[in-house]
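A.B. asks: Build me a model:
(one chain, ligands or ions: 2)
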Amino acid sequence: MTAMNAPQPITVTVTGAGGQIGYAALFRIASGAMFGADQPVALRLLEIPQGVKGAEGAALELIDGAFPLLASIDISTTPDEGFAGTNVALLVGSRPRTAGMERADLLAANGAIFGPQGRAINEHAADDVRVLVVGNPANTNALIAQRNAPDVPAERFTALTRLDHNRAVGLLAERAGARVADISGVTIWGNHSTTQYPDLSHATISGRAALDVVGETWGRGAYIERVANRGAEIIEVRGGSSVASAANAAIDHVRDWALGTGEAWTSVSLPSTGAYGIPEGLIASVPAHAVDGGWRVVEGLEIDAFSRAKIDASVAELAAERDQVAAMGLIPAE
Ligand SMILES: NC(=O)C1=CN([C@@H]2O[C@H](COP(=O)(O)OP(=O)(O)OC[C@H]3O[C@@H](n4cnc5c(N)ncnc54)[C@H](O)[C@@H]3O)[C@@H](O)[C@H]2O)C=CC1
Ligand SMILES: O=C([O-])CC(=O)C(=O)O
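C.D. replies: Numbering: from 1, shown residues only. Ligands and ions are numbered 1, 2, ... in the order given. Next comes the predicted model:
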């Protein structure tokens, strides 16, 4: 018997769907991990011609998964089609850095991807579209997409620092011999890069100050380095960059955005409205609750001198990236 009031499917577009993170994410989205066990999803897989076979293969396997919540699968190679009517856009596909490439080359190559994608989202996505950028350099790619989508509210554009957040929580739990569920109040500030600041100042483990449990020497020293360089550690050990944990974090991010965080907070890269001294417009990681389908930055946290310097350094990197892409004409003038 068909359910009488089955909800309409939520349309999710995944770019780079033929790549590794796409492969790890699609099956979990289809299984209900993103919106819950009662919410159907329609998947749109957006690839470039070179990657389309990977997307086609994933689509064949999605059929073979016989997921009851999977309403449809469409594959496209143009952003206009790929974002048509989309409610959630996961921008995973991007140009990885290759040997000899300067950061400026990477920013230019990605500008050529995220500018047109931003414009296509502006023109063709659903009115309630929510965007999560995973492809690196994620924060600045998100800025490029957002600034090319002037009709979409700026706060609908976010970048992934949930993987950094989850790493920070996981490594703290391991060190303290605690359960992840007993940890709260961890924050990642700034850029998804090695300048990020994993901040334990307000974190607790079973109600005790985390810095008292693990000690300041570690919590404000080796811990920060470990979290900030975890991506490189994974590459060294696995021989390839994080895939399943990145897909997991992207799903956590969208699930919290859609369903809410309750009392807990998480870390999200959001367009700044000036909170905590972060220049307006930069897409920087902050502590946030999700309430009624929107992010609310956690207010009133005390920032001591150590934290201030760390936040400022990462935010300065974001400002420099913004200035570079502005100089290249990849974001429209203010
Ligand atoms: N923010 C974060 O925490 C993390 C970000 N990443 C980043 O995620 C990105 C994807 O990683 P993987 O899936 O492992 O890479 P991958 O190389 O396996 O897949 C990327 C896919 O994107 C496709 N693609 C490239 N340009 C595209 C475009 N214009 N439109 C649609 N598709 C396009 C490629 O054809 C390829 O299939 C990389 O930029 C990586 O650095 C990875 C881990 C964590
Ligand atoms: O470091 C990389 O290349 C991939 C990445 O963003 C991460 O693992 O955090």
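A.B. asks: any idea whether the residue in the stretch 51-200 of the chain that ligand 2 sits nearest to is helix, strand or coil?
C.D. replies: For the stretch 51-200 of the chain and ligand 2, the shortest gap (C-beta to the nearest ligand atom) falls at residue 136, measuring 5.1 Å. From N, CA and C alone the C-beta is placed, and that goes for glycine too. Classification of residue 136 by DSSP: H, G, I helix; E, B strand; the rest coil places it in coil.
A.B. asks: That one reaches residue 191, doesn't it?
C.D. replies: No. Assessed by C-beta atoms under 8 Å, residue 136 is found out of contact with residue 191, at 10.6 Å.
A.B. asks: okay, those two: which has more neighbours?
C.D. replies: residue 191 (31 against 20; other C-beta atoms under 10 Å).
A.B. asks: Can you tell me the closest non-neighbouring residue to the residue of the stretch 51-200 of the chain closest to ligand 2?
C.D. replies: residue 94 (6.1 Å; C-beta to C-beta, 6 or more residues apart in numbering).
A.B. asks: Residue 23 now?
C.D. replies: Using C-beta to C-beta, 6+ apart, the closest residue to residue 23 is residue 58 (5.6 Å).
A.B. asks: Neighbours of the one you found, how many?
C.D. replies: Neighbours of residue 58 (other C-beta under 10 Å): 23.
A.B. asks: close enough to count as contact, it and residue 45?
C.D. replies: Yes. Residue 58 lies in contact with residue 45 (C-beta under 8 Å); the separation is 6.9 Å.
A.B. asks: re earlier: could you check the distance from the residue nearest to residue 23 over to residue 50?
C.D. replies: Distance, residue 58 to residue 50, by C-beta to C-beta, to the nearest Å: 15 Å.
A.B. asks: before we move on, back to that, tell me, how many residues neighbour the residue nearest to residue 136?
C.D. replies: There are 22 residues near residue 94, going by other C-beta under 10 Å.
A.B. asks: If I follow the layout properly, it ends up in contact with residue 113?
C.D. replies: Yes. Using C-beta under 8 Å, residue 94 makes contact with residue 113 at a distance of 6.0 Å.
A.B. asks: so what sits against both of the two?
C.D. replies: Common neighbours of residue 94 and residue 113, counting by C-beta atoms under 8 Å, 6 or more residues apart in numbering, are 135, 141.
A.B. asks: elements contacting the lengthiest strand in the chain?
C.D. replies: Counting residues, the longest strand found in the chain (DSSP state E) is strand 283-291. Packing contacts for strand 283-291, counted by 3 or more C-beta pairs under 8 Å, 6 or more residues apart in numbering; DSSP states H and E, involve helix 138-147, strand 157-159, strand 187-189, helix 244-259, strand 266-271, strand 294-297, helix 305-327.
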